[in-house]
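1. Pasting the sequence and the predicted model now:
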Amino acid sequence: MSAAEEYLLLGLRLGRHVDGLVDAYYGPPELKAEVDAEDLRPAAELAADGDALRDRLEDGWLRDQVGALAAYAHVLAGASVSYSDEVERCYGVRPRKTATNVYERAHVRLDELLPGEGSLFERREAWRERNRVDGETAIRVLRDLLPVLRDRANEILPLPAGESVTLEPVTDEPWWAFNYYLGDLRSRVVLNTDVPTTNLDLVHLAAHEVYPGHHTEHAVKEQILLRDRGMIEEAIQLVPTPQAVLSEGIAEIGEEVALGDAREAAYQVLRRHGVETDWALAEQVAEAGEALRPVGLDVALLIHEDGVSPDEAQAYAERWALIPPERARHNVSFVLDPTWRAYAVTYTAGRDLCRAYVGGDRARFRTLLTEHVRIRDLIATA
């Protein structure tokens with residue numbers, strides 16, 4: 001049995017312990033059938049299997065992936081590991097809280113930008129409410145945005161023939177939106193309509209989840225790495241691994257790479273659905289608000305590293321992210337979810353590492369979409 005097959009088996013076996021750990025599998029069906037038919041293997045046994053496999057592998061992308069799975073299996077088996085160590089061993093980056101003066105500066109900028117009267121929180125909520133798009137309209141807008149973004153993604157690199165996406169609304173989930181990659185170049189993308197979504201959120205979401213984000217990366221890599229090169233290790237997407245940092249980084253910077261300054265086509269789609277705003281101001285507000293994104297990671301560190309109660313962490317999120325209690329509770333529930341508790345680092349770390357590596361160069365973005373790029377290599381170039 002090849003090392004790649006052992007890796008797939010290890011991931012599938014761990015996936016039986018934690019629902020959602022295997023984000024997607026489209027590899028050899030006989031391997032999944034083998035795992036489904038066997039008794040549940042103890043986490044400690046899987047940790048030992050992972051350690052042994054990692055130690056046999058040469059230094060490289062697959063070794064990073066296996067090492068992350070082994071680390072996760074040790075945590076499942078009850079190993080005493082700090083939250084920060086768990087995150088670093090799984091994702092290859094160490095989580096750090098953002099200094100509150102970063103948020104204070106963002107608040108000052110938002111205070112300058114947001115019109116109206118009242119507190120900064122009240123004006124930001126009023127702004128979001130004026131620019132909010134209901135769930136039914138959001139799905140229609142997304143469907144019409146995808147062809148525009150697909151054309152831009154196709155300019156970056158040719159998309160595989162036959163790739164396709166379906167869109168659906170959902171409710172009562174710990175995340176805002178999700179890409180279920182189905183294999184065979186297909187994705188099912190869902191939008192959680194419980195989470196308030198604004199006009200520019202929709203542009204970012206379409207780029208993040210589909211073109212040139214998650215769907216594009218998975219479809220391109222399925223075609224190039226799995227089908228063309230026979231690299232079956234590409235046939236599984238696993239949550240607690242460096243693979244996720246790269247994937248979220250690609251998705252987070254996809255909008256700026258694909259659209260750049262040519263955003264008018266996306267805004268025309270929104271206008272056709274009756275969605276209108278001061279787009280120049282909206283872009284400035286969104287840019288200022290991006291500095292508040294790390295609050296989600298802070299919440300995870302407060303709870304899991306500092307021992308802060310969920311209520312206190314919620315209050316922190318409300319204050320610094322300028323969000324209402326229901327959204328702050330949503331943030332807390334995400335980092336309390338056993339599948340996603342360590343995942344918050346992938347968004348900010350992935351974005352910063354990929355943005356620094358790409359530096360506006362589409363050729364480098366193509367590399368991220370087509371190769372198994374290691375997180376340590378991105379850190380070295382940051």
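-> In hand now; what should we look at? Numbers count the residues shown, from 1 in each chain.
2. Show me where the stretch 1-150 of the chain has its strands.
-> Using DSSP state E, counting those that start in this stretch, the strands of the stretch 1-150 of the chain run over 22-25.
3. Please enumerate the helices of it.
-> 3-15, 29-37, 43-56, 61-76, 83-91, 100-113, 120-130, 135-156 (DSSP state H, counting those that start in this stretch).
4. If you average the pLDDT over the first one, what comes out?
-> Right, helix 3-15. Regarding helix 3-15, the rounded mean pLDDT is 98.
5. Spit out the contact partners of residue 358.
-> 253, 257, 364-365, 368 (Cβ atoms under 8 Å, 6 or more residues apart in numbering). Quick note: C-beta positions are derived from backbone N, CA and C, even for glycine.
6. Please flag which of those residues sit within helices.
-> 253, 257, 364-365, 368 (DSSP state H).
7. ok so, going back, who wins for proximity to residue 321 among the helices of the stretch 1-150 of the chain?
-> helix 100-113 (8.0 Å; Cβ to Cβ).
8. ok so, going back, columns distance to residue 338 and neighbour count on top of the ones in helices among the contacts of residue 358, output as JSON lines?
-> Output for the ones in helices among the contacts of residue 358, formatted as JSON lines (distance: Cβ to Cβ, whole Å; neighbours: other Cβ atoms under 10 Å):
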{"residue": "253", "distance to residue 338": "29", "neighbour count": "26"}
{"residue": "257", "distance to residue 338": "33", "neighbour count": "25"}
{"residue": "364", "distance to residue 338": "35", "neighbour count": "16"}
{"residue": "365", "distance to residue 338": "33", "neighbour count": "23"}
{"residue": "368", "distance to residue 338": "29", "neighbour count": "22"}
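9. Which two of the residues you listed have the greatest separation?
-> 253 and 364 (10.7 Å).
10. Skipping its backbone neighbours, what lies nearest residue 355 in space?
-> Computed as Cβ to Cβ, 6 or more residues apart in numbering, the closest residue to residue 355 that is not its neighbour in sequence is residue 253, at 5.0 Å.
11. so how far is stretch 343-357 from its chain's centroid?
-> Relative to the centre of its chain, stretch 343-357 is centred 9 Å away, using Cα atoms, centre = their mean, to the nearest Å.
12. picking that back up, residues touching the residue nearest to residue 355, list them.
-> By Cβ under 8 Å, 6+ apart, the neighbours of residue 253 are 351, 354-355, 358, 365.
13. Which secondary structure state does the residue nearest the centre of the chain sit in?
-> Nearest to the mean C-alpha position of the chain, by Cα atoms, centre = their mean, lies residue 248 at 3.7 Å. State at residue 248, reduced to three classes by DSSP: H, G, I helix; E, B strand; the rest coil: helix.
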